[in-house]
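Trainee: Predicted model, plus sequence, below.
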Amino acid sequence: MVENIIRCKWSLSVIDLVKRGVNRPGAMEKSVEGLTTKVLNERLRKLVRFGILYREEFPEVPPHVEYRLTPFGERFTILLDAIDGLQEELDANAA
């Protein structure tokens, strides 16, 4: 599961968006150039299945959904942040 997420730029982008408070699919799609509805929906389903995101449905007219990090997802983002920090350190040492 970890390899599947880390190797996918779209999954990482979606996790980052949700972490920053972008919770609705339409807003996510508009926030990332090149992210299509089909790919976004696939990534969201995968992230929910892996227990990283929680999907909340609102029975309104028109109906809408929002995504939030699960407690596991919050812990997972700590790992991703640590990886980003290591990459920044490597980049700084290479320069």
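Mentor: Cool, got the structure.
Trainee: Give me the pLDDT for the residue nearest in space to the middle of the chain.
Mentor: Nearest to the mean C-alpha position of the chain, by Cα atoms, centre = their mean, lies Ile15 at 1.6 Å. With respect to pLDDT, Ile15 has a value of 95.
Trainee: Give me the neighbour count for the residue lying closest to His64 once chain neighbours are set aside.
Mentor: Excluding the flanking residues, the one nearest His64 by Cβ to Cβ, 6 or more residues apart in numbering is Phe58, at 5.3 Å. Using the backbone N, CA and C atoms, a C-beta is placed for each residue, glycine as well. Per other Cβ atoms under 10 Å, the neighbour tally for Phe58 reads 9.
Trainee: could you list every residue that touches Phe58?
Mentor: By Cβ atoms under 8 Å, 6 or more residues apart in numbering, the contact list for Phe58 reads His64, Val65, Glu66.
Trainee: Go ahead and name everything in contact with the strand or helix carrying the residue nearest to the centre of the chain.
Mentor: Secondary structure assigned from DSSP states H and E places Ile15 in helix 9-19. Around helix 9-19, the neighbours that count as contacts under Cβ under 8 Å, 6+ apart are 4-6, 27-28, 31-32, 35, 39-40, 43-44, 46-47, 52-53, 67-69, 73, 76-77, 80.
Trainee: just checking, which of these belong to helices?
Mentor: Members of those lying in helices (criterion: DSSP state H): 4-6, 27-28, 31, 39-40, 43-44, 46-47, 73, 76-77, 80.
Trainee: coming back round to it: can you pull the buried residues of the helix holding Ile15?
Mentor: Across helix 9-19, burial judged by 16 or more other Cβ atoms under 10 Å covers Trp10, Ser11, Leu12, Ser13, Val14, Ile15, Asp16, Leu17, Val18.
Trainee: So which of the residues you listed is the closest to Leu90?
Mentor: Distances from Leu90 to the buried residues of helix 9-19, taken as Cβ to Cβ, are shortest for Leu12 (17.4 Å).
Trainee: For Val61, see how far away the closest one is.
Mentor: For Leu12, the distance to Val61 equals 34 Å [Cβ to Cβ, to the nearest Å].
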